[in-house]
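*Asks:* here are the coordinates; sequence isn't available:
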């Protein structure tokens, strides 16, 4: 008798056990219970909580279809769920959900201990939102894992295809070959431009490093021997800039032509070229 009364839901009333009555004349045990009355709430609070609770319940049910975590007890028939969503009484809805939802012990204790239907509704809203969030997070993680797996599978499949093509073409295949070794059009254009710039800079440097001293040597020889009447040496600034412009223009034209031609080639022809 000194123990705390146990709160329970009996039919449409909330009650707690007051006393266990043992009667040897009957094959079952009897109990004396006390019916607990609901706390009076404003109609607006009840209506708002009922609307939000139904929305959260529907969203959680939709999320449960894609989640491995169960929301409702397995013994609950599916047709009962649709009828629950049509319930117009907040008190009955919270009591029903308390019985059929898979809730942790602490949450169920809080629900059974409260005589305030609005408070119970808010507790269930919090629990349903937590379930929906965890389900979405779980689904997001699974989707990311699937995309990563699909990408790896595609890369492996393409790599194997390229190796097979290279073998058919008689091109040597190493262990490190994969499809990433074959450049896309954008990468190909960038590569050609970089190579062209390196060629242009190299050509200009060679021309200046070798051409200027050689030109001055020829001037000195001509001046010493009185050839062409040369007496004053000038650095050929204008011809140098003209040379730089022409070499750069040539590099741009060649890069565009080569890029256009390679774009027209098939993947097999590129593989043969790169092999």
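*Replies:* Sure thing, it's come through. Computed from a prediction, not measured in an experiment: that's the story for all the values here.
*Asks:* the residue nearest to residue 116 when sequence neighbours are not counted in helix, strand or coil?
*Replies:* Spatial nearest neighbour of residue 116, chain neighbours left out: residue 39 (4.7 Å); criterion: C-beta to C-beta, 6 or more residues apart in numbering. Every C-beta, even on glycine, is put in place using the N, C-alpha and C of the backbone. When classified by DSSP: H, G, I helix; E, B strand; the rest coil, residue 39 comes out as coil.
*Asks:* separation between residue 39 and residue 114?
*Replies:* Distance of residue 39 to residue 114, computed by C-beta to C-beta, to the nearest Å: 9 Å.
*Asks:* mind listing what the residue nearest to residue 116 touches?
*Replies:* Residue 39 makes contact with 115, 116, 117 under the criterion C-beta atoms under 8 Å, 6 or more residues apart in numbering.
*Asks:* which one among the residues you listed sits at the bottom for pLDDT?
*Replies:* pLDDT across the contacts of residue 39 is lowest for residue 115, at 83.
*Asks:* who wins for neighbours among the contacts of residue 39?
*Replies:* With neighbours defined as other C-beta atoms under 10 Å, the most crowded of the contacts of residue 39 is residue 117; it has 24 neighbours.
*Asks:* name the nearest residue to it, sequence neighbours excluded.
*Replies:* Per C-beta to C-beta, 6+ apart, closest to residue 117 is residue 91, 4.2 Å.
*Asks:* counting by contacts, list what the strand or helix carrying that neighbour packs against.
*Replies:* If you go by DSSP states H and E, residue 91 is part of helix 90-100. Applying 3 or more C-beta pairs under 8 Å, 6 or more residues apart in numbering; DSSP states H and E, we find helix 90-100 packed against strand 7-10, helix 43-64, helix 78-85, helix 105-113, helix 117-168.
*Asks:* got the angle between the third one and helix 90-100?
*Replies:* In this case it means helix 78-85. Angle between the axes of helix 78-85 and helix 90-100 is 150 degrees (criterion: axes from the mean of the first three to the mean of the last three C-alpha atoms, to 10 degrees).
*Asks:* which residues of the stretch 1-150 of the chain score low on pLDDT?
*Replies:* Along the stretch 1-150 of the chain, the parts satisfying pLDDT under 70 run over 1-18, 34-37.
*Asks:* ok so, going back, next, count neighbours for the residue nearest to residue 117.
*Replies:* 20.
*Asks:* equivalent analysis for residue 191, please.
*Replies:* Counted by other C-beta under 10 Å, the residues lying close to residue 191 total 13.
*Asks:* cool, and residue 95?
*Replies:* Residues near residue 95, counting by other C-beta under 10 Å, number 20.
*Asks:* gap between it and residue 21?
*Replies:* Distance of residue 95 to residue 21, computed by C-beta to C-beta: 26 Å.
*Asks:* residue 145 too?
*Replies:* As for residue 145, its distance to residue 21 is 58 Å (criterion: C-beta to C-beta).
*Asks:* check residue 47 too.
*Replies:* Applying C-beta to C-beta to residue 47 and residue 21 gives a distance of 41 Å.
*Asks:* between the two, which one's more packed in?
*Replies:* Taking other C-beta under 10 Å, residue 47 and residue 21 do not tie; residue 47 has more neighbours (13 against 10).
*Asks:* tell me the contacts of residue 52?
*Replies:* Taking C-beta under 8 Å, 6+ apart as the test, what residue 52 contacts is 121, 125.
*Asks:* now with 7 Å, please.
*Replies:* Going by C-beta atoms under 7 Å, 6 or more residues apart in numbering, residue 52 touches residue 125.
*Asks:* show me what contacts the closest residue to residue 56 other than its chain neighbours?
*Replies:* What sits nearest to residue 56 in space, not counting adjacent residues and going by C-beta to C-beta, 6+ apart, is residue 128, at 4.2 Å. When contacts are counted by C-beta under 7 Å, 6+ apart, residue 128 touches 56, 57, 60.
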